[in-house]
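**Q** here you go, sequence then predicted model.
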Amino acid sequence: MALFAELAARSHYSFLEGAAAPRTLVATAAKLGIGAVAICDRNGLYGAVELTQAAAQAGIQPIIGTELVLADGSRLRLLARDRTGYRQLCRAVSAAQLAGVKGQARLHLAGISDIAGDVATGVPSARRRARHKLPPPERPAALRPTRGPHPTGWPGLPATTLLAEGEPARVEPAELSGCIALIGGPHSTLVNALVRGDRRAALRHAERLRECFGRDRAAILLTNHLHPADRWIHAECAALARASGLPVVASATPDHAAADDKPLLDVLTAIRHRTTLDQAAAHGLLLPNNEHRLQPEAVMRERLRDHPDAFDTAARIAAQCTVSLDFSDVRFPGFPVPEGETPFSVLYALCQESVQRKYHPMTRLVAARLQRELDVIEKTGLAEFFLITWDIMRYAHEHHIPGQGRGSAADSIVAYLLDITRVDPVAHDLLFERFLHEDHQGTPDIDIDFSTDHREQVLQYVYDKYGAERTGMVANVVTFRPRMAIRQVGAAMGFPETVIDRLAKDADGWYGRSDDVSGGPGSGIEGFLPRQDASGPLPWRQFVDILHRIEGTPRHLSIHVGGMLVTGEPLVDVVRISGSSRWTCSDGARCRRLPNASTRSSKPQASGLILTRCRSTTSASTT
């Protein structure tokens, strides 16, 4: 019997909507005996590499997916079946991000978005009037209680975020032929229609998805989080699946890995909505229990005892999803060489010409060292890598841009002969294997310091040389660090601003010193707050616990100050890209808006030029 496959997990790369790292989800899944894990983060593929690497170590099958938020507000989970499906996910997410603004992707899935909008609102999409602001957050219909004065939550929080304008990107279902669609779950159009009592609209939505994806590439999720209406909802979803001819698939749709992650998820939710935990709970924005986590197969089978076929479907779908993130065959963009030449022959000629100038007279030691390094470069297929770096340095020298290599690249005589570094490794008896050896995986690091005043000029040259399709700026994943965490967690927990400000400013003095917040001698917080504050009614233990849990959790994306990614295939087929406000100019020429290659899958698999700011210079690392 195949092990249970969880196909609809969410990691903290959903940015404040998930509370667990991919590696934590994998580790928890291994303990629970789950055989495969799919991560479907909101409008992104940021956790793909971490998931793949952690799953390989744990012996679990990784499945790459995403949760697309469509222009009408509906959501659709997609899983990549193969490399083609992965490319299609990258293209779909990229199109949505480029058509929208930060935090508001805009995508229209032909034939699905319109009908989903009708189901969600009860009003045909063509007749709905455009909103000028995002609607206030509210409790999903499937999570609302059956009684109480405010079943939909307290009056909505004020809407302050402007709604993105412009036409959404349009994707045809045929452009997702390598993907599997999963519909259903608490936030889905399907479940919202069922809860509202509109079975006809829900059936129409399921049938349209079947027509777009086919019976073998679409399934309806069955979940049970022990909410009052869950048994009725999954029974209705199963009946709907029979009527539409679609299979059902079991899933816990986890937002966190374990039960003790729930407080962190609550704080992240409050931060996302810019409110406090009390207000978030009053408005129904917090999950009502901690069952939205990874569950063992036995628990899931007990909760969905009437639908054993849902587990067989999950195993079948998992078996179909075999995506490899090995982009070594397309890691270089292609360096132009004369007809009849190869990158290695050009590199060899450059080194032979330079060695005659820099080493006179030539010695056996130098010749042997050069030949040994060239042999390693040929065996590892890195001739093009060195030519690309040489070309960048050549451009810098010709335009009188200060630049100098440093780090382990100084151990290479080839780098010295190409004027990438200025240190003679033979004279200083430096070890080449510290920089590169025959068994090296990927590409070595070459760090180059460029003048800050000329960094943009170098970036523009790389952009013009290799083209817009294969070049983009690298994104940073901004994570919670102590001071940011103290301020935002404290605000979410309702701490007074004066207390938050003092804790944040004195973080170096107390954070991490001690977890004891009892107010006794040696307490970390006690020494930096007045006695009445440190021993007051504020939940200090919970505060410190959340601080430790949230540290390192992704909060949002930002653009790298100088990182540029260059790939052999179009960027959109390798990584998910989005627009940025980054404009670069060269010698007064027209400015260009560079795409932002914002996925964590870029660095380990694709070759790129990574430029990072130093104090008064800019460091370039080709990785």
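**A** Good, I have the coordinates.

**Q** how close does the residue lying farthest from the centre of the chain sit to Val355?
**A** Computed with C-alpha atoms, centre = their mean, the residue of the chain farthest from its C-alpha average is Pro361, at 53.7 Å. Distance of Pro361 to Val355, computed by C-beta to C-beta, to the nearest Å: 11 Å. Yep, even glycine has a C-beta here, placed from its N, CA and C like the rest.

**Q** on that earlier part again, got phi/psi on the residue farthest from the centre of the chain?
**A** Dihedral pair for Pro361: phi -80, psi 160, per degrees, to the nearest 10.

**Q** give me the contact list for the helix or strand hosting Ala415.
**A** Per DSSP states H and E: Ala415 is located in helix 413-417. For helix 413-417, contacts defined as C-beta atoms under 8 Å, 6 or more residues apart in numbering pick out 347, 350-351, 354-355, 358, 366, 369-370, 373-374, 377, 386, 389, 405, 409-410, 421-426, 432, 435, 446.

**Q** where in the stretch 101-250 of the chain is pLDDT low?
**A** Low-confidence segments of the stretch 101-250 of the chain (pLDDT under 70): 113-165.

**Q** for the chain, same thing?
**A** 1-2, 113-165, 329-330, 512-537, 562, 580-623.

**Q** for it, which strand is longest?
**A** strand 554-566 (DSSP state E).

**Q** alpha carbons only: can I get the helix or strand following that strand in PDB?
**A** Counting by DSSP H and E, the next helix or strand C-terminal to strand 554-566 is helix 571-574. The C-alpha coordinates for helix 571-574 follow below in PDB (Å, rounded to 0.1, in the frame of the first residue of the first chain):
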ATOM      1  CA  LEU A 571      14.100  33.300 -16.900                       C
ATOM      2  CA  VAL A 572      10.400  32.700 -16.800                       C
ATOM      3  CA  ASP A 573      11.000  29.000 -17.600                       C
ATOM      4  CA  VAL A 574      13.500  28.700 -14.700                       C
END
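
**Q** tell me the helices and strands packed up against the helix or strand following helix 571-574.
**A** Tracing the chain past helix 571-574, the next element assigned as helix or strand by DSSP H and E is strand 577-578. With contacts defined as 3 or more C-beta pairs under 8 Å, 6 or more residues apart in numbering; DSSP states H and E, the secondary structure elements packing on strand 577-578 are helix 83-99, strand 596-597.

**Q** so how far is strand 577-578 from its chain's centroid?
**A** 11 Å (C-alpha atoms, centre = their mean, to the nearest Å).

**Q** what's the answer for stretch 428-446, then?
**A** 30 Å.

**Q** may I see the buried residues of it?
**A** Counting neighbours by 16 or more other C-beta atoms under 10 Å, one finds that the buried residues in stretch 428-446 are 430, 432, 435-436, 443-444, 446.

**Q** the stretch 251-400 of the chain: helices as residue ranges?
**A** Taking DSSP state H, counting those that start in this stretch to define them, one finds helices in the stretch 251-400 of the chain at 262-272, 277-282, 297-303, 309-320, 343-358, 364-380, 383-398.

**Q** mind putting the buried residues of stretch 428-446 in JSON lines, distance to Asp72 included?
**A** Formatted as JSON lines, the buried residues of stretch 428-446 follow (distance: C-beta to C-beta, whole Å):
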{"residue": "Leu430", "distance to Asp72": "61"}
{"residue": "Phe432", "distance to Asp72": "58"}
{"residue": "Phe435", "distance to Asp72": "53"}
{"residue": "Leu436", "distance to Asp72": "52"}
{"residue": "Thr443", "distance to Asp72": "43"}
{"residue": "Pro444", "distance to Asp72": "48"}
{"residue": "Ile446", "distance to Asp72": "47"}
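
**Q** any chance you could map the strands in the stretch 51-200 of the chain?
**A** Along the stretch 51-200 of the chain, the stretches classed as strands by DSSP state E, counting those that start in this stretch are 61-69, 75-80, 107-109, 169-171, 179-183.

**Q** partners of the first one, with directions?
**A** Think strand 61-69. strand 36-42 (parallel), strand 75-80 (antiparallel) (DSSP bridges).

**Q** winner for burial among the ones you listed?
**A** Of those, the one with the most neighbours on average (mean count of other C-beta atoms under 10 Å) is strand 36-42, at a mean of 26.

**Q** ok, residues contacting it?
**A** Contacts of strand 36-42 (C-beta under 8 Å, 6+ apart): 3, 5-11, 13-15, 17-18, 22, 25-26, 29, 47-48, 51, 55, 60-67, 69, 77-79, 182, 315, 318, 321.

**Q** filter the residues you listed to the buried ones?
**A** Buried, going by 16+ other C-beta under 10 Å: 3, 5-11, 13-15, 17-18, 22, 25-26, 29, 47-48, 51, 55, 60-67, 69, 77-79, 182, 315, 318, 321, out of those.

**Q** any quick PyMOL command for the buried ones out of the contacts of helix 413-417?
**A** Entered in PyMOL, the line below selects the buried ones among the contacts of helix 413-417, by 16+ other C-beta under 10 Å:
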select buried, resi 347+350+351+354+355+366+369+370+373+374+377+386+389+405+409+410+421+423+425+426+432+435+446
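
**Q** helix or strand: which one has Val489?
**A** Going by DSSP H and E, Val489 is part of helix 482-492.
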